[in-house]
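> coords below, sequence missing:
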């Protein structure tokens, strides 16, 4: 049995916030030393932290602040993705957490590709991945199914314009094909026994059901960055490597 080199992405983006992220939140919301001290205590509680992260002031600070942000990709993506998903009716924080972590991971180009060991051959097309599923052990099937869902959401969410252009020029599959592939892949992964072990059973089931809305949310986020004047580098701006 062959096993692709794919690591399972977890819905743990909020657990990876840094000290710099905390400083940013305190500086953005705190107006006095007393505010800062109170906020620090509130952010230590997970439920309260999540409510604070939904604050419009934080979203605006992340989206519109000029210059280099000194926050992690985890905070950057979570705040932007959470807002866009809510706009399209996807209210689950776990889904926002997962999609944000997906984008954080996929800023590294090698994470967008699955490879078969030994040959080093990348699996770039879904028909190749579907064929590989018949050769894999149980865990690898789960990993590859997860990756297929991730890749479909990443490309349709951030590069739908490129997909449409390829359809017009070369007859490639359209966005609907990738949506169906992504939704079915997440659904299959959600039913796998390892989904519960990784804490992804519910997240994958929700992404299977709301794949279209999640894709539109990422499209809207990219378009919003374009509206701020970054016409040629909207996706690159979204995928900045925050320190």
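Yep, it's here. None of the values given here were measured: they were computed from a predicted structure.
> only C-alpha atoms from now on, for both contacts and neighbour counts.
Will do.
> what about the chain, any weak spots by pLDDT?
Where the chain drops to pLDDT under 70, the residues are 1-6, 66-68, 108-112, 115-120, 226-243.
> which residue is nearest the centroid of it?
residue 99 (2.6 Å; Cα atoms, centre = their mean).
> show me what contacts residue 208?
By Cα atoms under 8 Å, 6 or more residues apart in numbering, residue 208 lies in contact with 182, 183, 184, 185, 186, 187.
> ok, those residues vs residue 23, which is closest?
Using Cα to Cα, residue 186 is the member of these that lies nearest residue 23, at 35.7 Å.
> does that closest one sit in a helix or strand, and which one?
In this assignment (DSSP states H and E), residue 186 forms part of helix 175-191.
> now the element after that helix, going C-ward?
Per DSSP H and E, the helix or strand that comes after helix 175-191 is helix 193-197.
> buried residues in that next one?
Within helix 193-197, the residues scored as buried using 16 or more other Cα atoms under 10 Å are 194, 195.
> now the lengthiest helix in the chain against helix 175-191, angle please.
If you go by DSSP state H, the chain has its longest helix at helix 138-158. Angle, helix 138-158 to helix 175-191, by axes from the mean of the first three to the mean of the last three Cα atoms, to 10 degrees: 150 degrees.
> list the buried residues of the very next helix or strand once past helix 138-158.
Per DSSP H and E, the first helix or strand lying C-terminal to helix 138-158 is helix 160-170. By 16+ other Cα under 10 Å, the buried positions in helix 160-170 come out as 160, 163, 164.
> if you skip the residues just before and after it, what's nearest to the first one?
Spelled out, that is residue 160. Excluding the flanking residues, the one nearest residue 160 by Cα to Cα, 6 or more residues apart in numbering is residue 175, at 6.8 Å.
> residues contacting that neighbour?
156, 160, 163, 164.
> rerun that using 7 Å as the cut-off
Residue 175 sits next to 156, 160, 163 when contact means Cα atoms under 7 Å, 6 or more residues apart in numbering.
> tell me the one of these nearest residue 88?
residue 156 (15.6 Å).
> my guess is residue 49 contacts residue 39, does it?
No: applying Cα atoms under 7 Å as the test, residue 49 and residue 39 come out as separate, 9.2 Å apart.
> between these two, who's got more neighbours?
residue 39 (19 against 16; other Cα atoms under 10 Å).
> pull up the gap between the more buried one and residue 69, please.
Here residue 39 is placed at a distance of 21 Å from residue 69 (Cα to Cα, to the nearest Å).
> what of residue 204?
31 Å.
> related to what we said a few turns ago, not counting sequence-adjacent ones, nearest residue to the residue nearest to the centre of the chain?
residue 81 is the one closest to residue 99 (Cα to Cα, 6+ apart), at 7.2 Å.
> just residue 18 next, same as before
residue 72 (6.8 Å).
> one more: residue 85?
residue 217 (5.3 Å).
> quick one: contacts for residue 92?
Contacts of residue 92 by Cα under 7 Å, 6+ apart: none found.
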